[in-house]
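Asker: Dropping a prediction and its sequence here:
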Amino acid sequence: MSVVSSIEFRSAGPADVAAIKTIVRAAYAKWVPVIGREPLPMRADYDKALDEHQFELAIEHGRVVGLIETMAHEDHIWIENVAVAPGAQGRGIGRRLLDSAERKAVEAGCRELRLLTNGAFAANVMLNRKHGYVVDREEPFMNGTTVYMNKRLAT
């Protein structure tokens with residue numbers, strides 16, 4: 001894997017909503033045939049989400065190529081979404097976005113990150129495990145399984 005060093009990171013603003021929608025739709029499109037419907041992130045209201053959640057964008061040559069959407073809670077950071085454009089996947093961008101969430105958690109005094117994914121997205125579950133996340137629980141959801149995962153950070 002060659003890690004891209006030309007990636008810059010910044011917080012998202014209202015002008016980024018269209019790019020966020022485009023990246024999410026492109027990143028999740030591969031899962032539509034797997035689960036027989038659009039994954040929930042493809043149907044989210046990103047105008048509203050931008051008001052309520054924090055978004056950090058990965059920018060390459062002036063284009064948004066990835067994002068992480070988080071929510072700070074008293075004892076943890078919830079990762080609502082991580083999406084990387086298909087042409088930019090496999091280059092460490094998602095890992096760097098997750099690392100950013102970990103730094104924010106530590107700075108906020110939180111020692112845990114939490115997320116969920118669809119159990120049918122085996123590659124995502126495996127990738128999260130590789131990066132230190134463990135399965136907390138699994139629950140039935142829309143004819144599938146939701147996998148809740150967490151990562152405890154060193155104190």
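Answerer: Received the coordinates, thanks. Residues are numbered from 1 along each chain as shown.
Asker: Tell me which helix or strand in the protein has the weakest average pLDDT.
Answerer: helix 122-130 (a mean of 90; mean pLDDT, DSSP states H and E).
Asker: residues near the nearest residue to A12 once chain neighbours are set aside, how many?
Answerer: With sequence-adjacent residues excluded and distances taken as CB to CB, 6 or more residues apart in numbering, A12 is closest to F55, at 3.6 Å. No exception for glycine: its C-beta is placed from N, CA and C like everyone else's. For F55, the neighbour count with other CB atoms under 10 Å is 21.
Asker: just checking, F55 is part of a helix?
Answerer: No. F55 is assigned strand when assessed by DSSP: H, G, I helix; E, B strand; the rest coil, not a helix.
Asker: That one: what's it in contact with?
Answerer: By CB atoms under 8 Å, 6 or more residues apart in numbering, F55 lies in contact with S11, A12, D16, I20, A49, L67, I68, E69, T70.
Asker: got these as JSON lines, with distance to V82, secondary structure and pLDDT columns?
Answerer: What follows is the contacts of F55, written out as JSON lines (distance: CB to CB, whole Å; DSSP: H, G, I helix; E, B strand; the rest coil; pLDDT from 0 to 100):
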{"residue": "S11", "distance to V82": "16", "secondary structure": "strand", "pLDDT": "96"}
{"residue": "A12", "distance to V82": "14", "secondary structure": "coil", "pLDDT": "97"}
{"residue": "D16", "distance to V82": "16", "secondary structure": "helix", "pLDDT": "97"}
{"residue": "I20", "distance to V82": "12", "secondary structure": "helix", "pLDDT": "97"}
{"residue": "A49", "distance to V82": "14", "secondary structure": "helix", "pLDDT": "97"}
{"residue": "L67", "distance to V82": "7", "secondary structure": "strand", "pLDDT": "98"}
{"residue": "I68", "distance to V82": "5", "secondary structure": "strand", "pLDDT": "97"}
{"residue": "E69", "distance to V82": "8", "secondary structure": "strand", "pLDDT": "98"}
{"residue": "T70", "distance to V82": "9", "secondary structure": "strand", "pLDDT": "97"}
